[in-house]
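Participant: Quick one, what's the 3D model for this:
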Amino acid sequence: MPVSPLVAQDVPEIHFGTGGWRDIISDGFTKYNVQRLAQALAITIIDEDKANLPVVIGYDQRFLSPEFAWWFAEVIAGNGIRAHIIDRPAPTPMIMWTVRDMGCAYGLAVTASHNPATYNGIKIFTKGGRDAEVTITTPMQDKANALGPEDIRVASCETAKKEGLITTQTSMNWYIDAILQAVDVEAIRHAHMDIVLDPMFGVSRTCLQTILLTARCEVETIHERRDTLFGGRLPSPSSATTHALAREVVERGAALGIATDGDADRLGVIDDTGAFLHPNQILVLLYEYLMVDKGWKGPCVRNVATTHLLDRVAKAHGQECYEVPVGFKWVSKAMSDHDAVIGGESSGGLTVRGHIAGKDGVYAGTLLVEMVAKKGKKLSEIYADILDRYGRLEMAEESVTFPAELKAPLTTRIMEDRDLPDFAMPISSVSTMDGCKIVFDNGGWVIIRFSGTEPVLRIFAEMQTMDQAREVVDTVLRYYKLG
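Facilitator: Okay, here's the model as predicted:
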């Protein structure tokens, strides 16, 4: 097959964090770097003797995402490996589901998830549609960074399609049908629910709207068009970015509102009163629902920065709650190791036993709708029942940007020297599994860790009241002179 030459460019190296490789478009995230990563993946596939299996490639609605996906595919095809492109903006969980459904060894999504609009990125998936672990991504990034233009084989797109080395699909029906088969559609149909959906200019509209309409819900959708600037906001559902969704829910008297991030693997929820439900609350609600109402049995998994209220639910049912580092690959692994019912993180990602091993905002949103339909109560009432049974915990969060030269001394001071603030309360334990997590005797905790996807320091604190949690966060900020 004919290949075309490339021209070397002086660009930053590829580096995988907790959620794939992400970088600023035209700075580190360039056509050349994407092609280097594609060649590294092709080399990995050939070395593993898996060149007979296709590579599934999908993309989101970000600037140049379709083009990056096709450039990646041309390199895969240039190495004699079939590239199967989902040639329309697609949710990351749908891409992962397709990797599993087609029995592929690898797949990827061109997405920077909830990062600012100036970013793009690539998430790599392995067999079964799982997030690639560091044992895969670290050698792959090292291979990519060692490649030059002369090492990269690029096939002509038209020739590759004629030879069957690039194939495409535009249908989402297999993924949509899989979710419809996993939930009680009849219960939702007879509940006559009014739902407001906010894709946040991302990719969830087609799938989630189709699922809800099939279940006879009334669906109002906002922010559904493609906007590569995401309306000037982060495409990340939070209390600060869902005001329009909350207003729409209240004005319509809707049962709830569902917001998904840019690639639809995370979600945020507005209840019937217009209040934002934190992902922590959604995780607890669904675990309790699966255990009590659906009769499932098993432990749960959360990362180090996710609510300990989940531990209380697990303990009440004689189960264990397993703690893992940040990065959904760790959640997926622990779920597999312990046959867990549910796993998730405070940033809004969760998955359930029997579904894909990665987080899925489309499936989680549908399951939440099923829960409200079957319980016959308002969402606000269902969560009030949770608080009556398990008590209340409140979480405060802060993200602080910092100059790059401060990372090393801050890391040494916090993680190695254990130079910690005086919180004026007894400390039960200190863990550095991922960042520095301090657990207090009263059951509260705080974690200080560097983001794996952005140049920021994140602080999470969970206490009995929001004022207490906020004071713990402020104590950290004052002590390290941050913010």
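Participant: for the stretch 1-150 of the chain, what spans make up the helices?
Facilitator: Taking DSSP state H, counting those that start in this stretch, the helices of the stretch 1-150 of the chain run over residues 31-47, 65-78, 92-101, 134-145.
Participant: for those helices, which one sits closest to residue 217?
Facilitator: helix 92-101 (20.0 Å; CB to CB). Every C-beta, even on glycine, is put in place using the N, C-alpha and C of the backbone.
Participant: for the record, mean pLDDT for that closest one?
Facilitator: Averaged over helix 92-101, pLDDT sits at 97.
Participant: Same check on stretch 376-393?
Facilitator: So the average pLDDT for stretch 376-393 ends up being 96.
Participant: Going by neighbour count, which residues of it are buried?
Facilitator: 379, 382-383, 386, 390, 393 (16 or more other CB atoms under 10 Å).
Participant: quick one, the strand or helix carrying residue 363 and helix 92-101 angle?
Facilitator: Secondary structure from DSSP states H and E places residue 363 in helix 361-375. Computed by axes from the mean of the first three to the mean of the last three CA atoms, to 10 degrees, the angle separating helix 361-375 from helix 92-101 equals 100 degrees.
Participant: Show me what secondary structure element comes after helix 361-375.
Facilitator: Next along from helix 361-375, by DSSP H and E: helix 379-390.
Participant: for that next one, packing partners?
Facilitator: Here helix 379-390 touches helix 279-288, helix 309-316, helix 361-375, going by 3 or more CB pairs under 8 Å, 6 or more residues apart in numbering; DSSP states H and E.
Participant: now the ones you listed as CSV including mean neighbour count and distance to residue 238?
Facilitator: Formatted as CSV, the helices and strands packed on helix 379-390 follow (neighbours: other CB atoms under 10 Å; distance: least, CB to CB, whole Å):
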stretch, mean neighbour count, distance to residue 238
helix 279-288, 24, 9
helix 309-316, 20, 19
helix 361-375, 24, 14
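Participant: need those helices in CSV with distance to residue 331, can you?
Facilitator: Shown next, in CSV, are the helices and strands packed on helix 379-390 (distance: least, CB to CB, whole Å):
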stretch, distance to residue 331
helix 279-288, 11
helix 309-316, 12
helix 361-375, 13
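Participant: Looking at the ones you listed, spot the one closest to residue 70.
Facilitator: Among those, the nearest to residue 70 by CB to CB is helix 361-375 (24.6 Å).
Participant: all strands in the stretch 101-250 of the chain, in order from the N-terminus.
Facilitator: Assigned by DSSP state E, counting those that start in this stretch, the stretch 101-250 of the chain shows strands spanning 106-110, 119-126, 130-131, 166-169, 194-198, 218-221.
Participant: Okay, now the unreliable bits of this structure?
Facilitator: Residue ranges of the chain with pLDDT under 70: 1-11, 453-454, 483.
Participant: Report the residue ranges of every domain in it.
Facilitator: Domains of the chain are assigned by automatic domain parsing as 16-171, 174-390, 394-479.
Participant: tell me the contacts of residue 137?
Facilitator: 16, 20-21, 124 (CB atoms under 8 Å, 6 or more residues apart in numbering).
Participant: Can you list which of those are found in strands?
Facilitator: Using DSSP state E to define strands, the subset of the contacts of residue 137 located there is 16, 20-21, 124.
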